[in-house]
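Undergrad: Next one to model:
(one chain, ligands or ions: 1)
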Amino acid sequence: MRNWTEDGIAFGADYNPEQWPEQVRCEDLELMREAGVTLVSVGIFSWGLLEPEPGRYDFGWLDRVLDDLHGAGIGVDLATATASPPAWMSQRWPEVLPVDHDGRRHTFGSRQSWCPSSPVYRERSLALVEALATRYGSHPALRLWHISNELGCHNARCYCDVSAAAFREWLQRRYSGVDALNDAWATAFWSQHYTSFDQVQVPALSSSFPNPAHALDFARFSSDELLGQHLAEQAVLRRVTPDVPTTTNFMVSAGQTAMDYGRWAREQDVVSNDHYLVHALGDPRAELAFAADMTRGVAGGPWLLMEHSTSAVNWQPVNVAKAPGEMLRDSLAHVARGADGVMFFQWRASSGGAEQWHSGMVPHAGRDSDRFREVVELGAVLQRLADVRGSDVEADVAVLVDYQNAWALEAPTLPSARVGHLDVAHQVHRLLCERQTTADVVAVGAHPDDLAEVLARYRVVVVPTLYLCDDATAAAVTAAAEAGAQVVVTYLSGTVDERVRVRLGGYPGAFRDLLGVRVEEFHPLLEGVGTALDDGSTGEVWSERATVAADVEVLASYGDGAVAGSPALTRRALPGGGAAWYVGTTLDDEALDGLLQAVCAAGGVAPAAPATGFVDVVRRRDATTGRSWLFALNHGEETATVRVSGVDAVSGADVDGTLHLAPGASAVVAETPRP
Ligand code: GAL
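TA: Model prediction:
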């Protein structure tokens, strides 16, 4: 298999030369060399130019682009170009356009306007993939195939008749018969009993609430359907060019949950991810760290940052530009967490089109700009980090997440709409980061057979609001605790099974025995209403009425309201040295930080390095040579200190015992081996 990152940490961007006159390419190549660009993604949205009429291909311009890039020593991540079909497709086959939840068919004129179940789209896209693979499979610039682009970004769920028929076929494969479906979906309720699969519709706009099991299966189907397109393209590529690795860029981030990337990652040669800071979030950099840890989690090792931005994007209400040093810090935050490549959308900022106000490596101002000078500096830093490639990220804590759980929590009929599937996970992860403690974010879907084995590697396992939890997942978590891990389970976890059927007999059904906690009733809290705990801390969002078994230690109880006196925080010690901790509310930061410190101390989890200040510290280590690099990123407004010795690849300075890091600054210290 060809090596996509033979030059160390890959560096580059989406390169869209088709947007510019051909002579601009001379300057592009010169500037790419100056910046140290090693890899570019080409052709992502160029189907319309590559196949101007059905079956008539025009590859001339792409031949020249690839030849020129190769001449400049730059590798290519070549797109299959199927992300956005040309105008002729929907003109001739209007049924290819997707239909939204409210029954509206999309029009042509934006991008990614295709139904994931469309046979016409499938056939035409695979013909293009075959033509590209045949033409460029042996091109010396080709390093990697880029399948489609952000599959499902705009068309994750289609509600058209073609999709409905495909959904019924999917259900027939999942269930042994219509009675099994009736049972799984609890259709005795509201007269939803089916006598034939033909009666089943997609869960589009209806008179009242959807059946949650129906909606969940549709979410599963929709993720599988897009994965099916990915696999079909991949199969063509693997047949024609078996030695070229394939990837497709994921969107592991706060807002995108439609694709089960745990499941998808199992199909990738290279896991790649796109990430953008979302300024509406309380702490966008904490979310970046979470997303990067989750990408590594699904990848099971190093991965490629396929896109992020040099500065502002163009799709938020206010598009905040990056301050000096921020682009370097964000890039290194991804490398710290396992990225072996740093790429951007896009190389040259467009002058026209919907993304004309999106930043690029070469801004509208051109080469003579601070932005381009920072790009050149970043390229130089990454070259000095070449040996980091392939190394592991050290982490003793796992945070368990699951896309199926995210889908189940989309239901509009839950005890509280205030429970986001990642809210507690984000809070836990952020507080750990603030203590320089690295966590792996483990996605259930990535481990259909080996979750217990994976969780057994950690000293601490956190299970935050894992509402939907199947028996195997519950067993893996329980086994980790019994084998000696500190396991922290938070409210609502384990209350329903994979059919979103309530586990009866007291919540949290799947973890009741492990925790020794039996919840009789939920008492979710209204916005602005907190609950005081008797240890002086406060909770929000959730409270509940619970009892505990005799061997459970109550760490704090609700101090007021309808559930006053009921246990809120508990711990049950297990014979193997592990413990099962339970958190029944959203704790304030100070209280949750204190709890996590106690849990980490009990598990023997230490920070990556002792530090002061608001500094993110992560260590990568090469398992073969033992060499290690300590990444330190100061997100705070004061100078931070980190205990480390070695040479800083950013500043070039020797560090002897203590690194002093100015506000906003970044360092990567190649550590002096311990004697
Ligand atoms: C991504 C997409 C890119 C570009 C970028 C802008 O979602 O893959 O093509 O649109 O966003 O931030």
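
Undergrad: Tell me which stretches of the stretch 451-600 of the chain form helices.
TA: Ranges of helices in the stretch 451-600 of the chain, per DSSP state H, counting those that start in this stretch, are 451-455, 471-482, 512-515, 589-603.

Undergrad: helices or strands up against the longest one?
TA: Right, the one you point to is helix 589-603. Packed against helix 589-603 by the contact rule (3 or more CB pairs under 8 Å, 6 or more residues apart in numbering; DSSP states H and E) you find helix 423-434, strand 460-463, strand 486-490, strand 579-583. From N, CA and C alone the C-beta is placed, and that goes for glycine too.

Undergrad: Export only the CA atoms of the last one, formatted as CSV.
TA: If I follow you right, that is strand 579-583. C-alpha atoms of strand 579-583 as CSV (Å, rounded to 0.1, in the frame of the first residue of the first chain):
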residue,chain,number,x,y,z
ALA,A,579,-15.0,1.3,41.9
ALA,A,580,-18.3,2.2,40.3
TRP,A,581,-19.1,5.9,40.8
TYR,A,582,-22.5,7.5,40.0
VAL,A,583,-23.4,11.1,39.2
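
Undergrad: State the mean pLDDT of it.
TA: Per-region confidence: strand 579-583 scores 98 on mean pLDDT.

Undergrad: Which strands and helices lie in contact with that strand?
TA: Strand 579-583 sits against strand 486-490, helix 512-515, strand 567-573, helix 589-603, with contacts defined as 3+ CB pairs under 8 Å, 6+ apart.

Undergrad: what angle separates that strand from strand 567-573?
TA: 170 degrees (axes from the mean of the first three to the mean of the last three CA atoms, to 10 degrees).

Undergrad: okay, the angle between strand 579-583 and helix 423-434?
TA: Strand 579-583 runs at 120 degrees relative to helix 423-434, counting by the same axes, to 10 degrees.

Undergrad: May I have the residues that are in contact with residue 646?
TA: Residue 646 is in contact with 630, 654, 655, 669, 670, 671, 672, counting by CB atoms under 8 Å, 6 or more residues apart in numbering.

Undergrad: Between these, which sits nearest the ligand?
TA: Checking the contacts of residue 646 against the ligand with CB to the nearest ligand atom, the nearest one is residue 630 at 30.7 Å.

Undergrad: tell me which element that closest one is part of?
TA: For residue 630, the element it lies in under DSSP states H and E is strand 628-634.

Undergrad: which one in the contacts of residue 646 is the model shakiest on?
TA: residue 672 (90).

Undergrad: From residue 630, how far out is that one?
TA: 11 Å (CB to CB, to the nearest Å).

Undergrad: more crowded one of those two?
TA: residue 630 (28 against 14; other CB atoms under 10 Å).

Undergrad: State the three-state secondary structure for residue 268.
TA: Three-state call for residue 268 (DSSP: H, G, I helix; E, B strand; the rest coil): coil.

Undergrad: Report pLDDT for it.
TA: 97.

Undergrad: Dump stretch 176-184 to CSV, restricted to CA.
TA: Once non-C-alpha atoms are left out, stretch 176-184 reads as follows in CSV (Å, rounded to 0.1, in the frame of the first residue of the first chain):
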residue,chain,number,x,y,z
SER,A,176,-37.0,-11.7,10.6
GLY,A,177,-40.5,-10.7,9.8
VAL,A,178,-43.1,-7.9,10.3
ASP,A,179,-44.0,-9.3,13.7
ALA,A,180,-40.4,-8.8,14.8
LEU,A,181,-40.6,-5.2,13.7
ASN,A,182,-43.9,-4.7,15.5
ASP,A,183,-42.3,-6.0,18.6
ALA,A,184,-39.1,-3.9,18.3
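
Undergrad: quick one, phi/psi of the residue most central in space within the chain?
TA: Nearest to the geometric centre of the chain sits residue 252, at 1.9 Å (CA atoms, centre = their mean). Its backbone dihedrals place residue 252 at phi -70, psi 110, with angles given as degrees, to the nearest 10.

Undergrad: shift numbering so it begins at 59
TA: Shifting the count to begin at 59 puts that one at residue 310.

Undergrad: quick one: contacts of stretch 583-591?
TA: Stretch 583-591 has contacts (CB under 8 Å, 6+ apart) with 474, 476, 596-601, 614-619, 621, 626-627, 643, 649.

Undergrad: OK, contacts around residue 312?
TA: Contacts of residue 312 by CB under 8 Å, 6+ apart are 336, 339, 345, 348, 349, 480, 484.

Undergrad: what does residue 662 give?
TA: Going by CB under 8 Å, 6+ apart, residue 662 touches 454, 517.

Undergrad: ok, now how distant is it from the ligand?
TA: According to CB to the nearest ligand atom, to the nearest Å, residue 662 stands 41 Å off from the ligand.

Undergrad: cool, residue 181 as well?
TA: If you go by CB to the nearest ligand atom, the gap between residue 181 and the ligand works out to 24 Å.

Undergrad: quick one: what helix or strand has that residue in it?
TA: Assigning secondary structure by DSSP H and E places residue 181 in helix 177-194.

Undergrad: buried stuff in that helix?
TA: Within helix 177-194, the residues scored as buried using 16 or more other CB atoms under 10 Å are 178-180, 182-184, 186-191, 193-194.

Undergrad: list the helices and strands it packs on?
TA: Contact analysis of helix 177-194 by 3+ CB pairs under 8 Å, 6+ apart lists helix 105-108, helix 145-150, helix 270-298 as its packing neighbours.

Undergrad: for the record, mean pLDDT for the last one?
TA: So that's helix 270-298. On average, the pLDDT along helix 270-298 is 98.

Undergrad: next one: that helix to chain centre, how far?
TA: Relative to the chain's own centre, helix 270-298 is displaced by 17 Å; criterion: CA atoms, centre = their mean, to the nearest Å.

Undergrad: From the contact counts, what lies against it?
TA: In terms of contacts (3+ CB pairs under 8 Å, 6+ apart), helix 270-298 is packed against helix 177-194, helix 219-232, helix 236-243, strand 304-305, helix 319-323, helix 461-466.

Undergrad: quick one: which helix or strand includes the nearest residue to residue 421 once chain neighbours are set aside?
TA: What sits nearest to residue 421 in space, not counting adjacent residues and going by CB to CB, 6 or more residues apart in numbering, is residue 429, at 4.6 Å. Assigned by DSSP H and E, residue 429 falls within helix 428-442.

Undergrad: Convert that helix to PDB, retaining C-alpha atoms only.
TA: Taking Å, rounded to 0.1, in the frame of the first residue of the first chain, the C-alpha atoms of helix 428-442 are listed here in PDB:
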ATOM      1  CA  ASP A 428       0.700  38.000   7.900                       C
ATOM      2  CA  ARG A 429      -1.600  35.000   7.200                       C
ATOM      3  CA  PHE A 430       0.700  33.600   4.500                       C
ATOM      4  CA  ARG A 431       3.800  34.300   6.600                       C
ATOM      5  CA  GLU A 432       2.100  32.300   9.400                       C
ATOM      6  CA  VAL A 433       1.400  29.500   7.000                       C
ATOM      7  CA  VAL A 434       5.100  29.400   6.000                       C
ATOM      8  CA  GLU A 435       6.000  29.300   9.700                       C
ATOM      9  CA  LEU A 436       3.600  26.500  10.400                       C
ATOM     10  CA  GLY A 437       5.000  24.500   7.500                       C
ATOM     11  CA  ALA A 438       8.500  24.900   9.000                       C
ATOM     12  CA  VAL A 439       7.400  23.800  12.400                       C
ATOM     13  CA  LEU A 440       5.700  20.700  11.000                       C
ATOM     14  CA  GLN A 441       8.900  19.800   9.100                       C
ATOM     15  CA  ARG A 442      10.800  19.800  12.400                       C
END
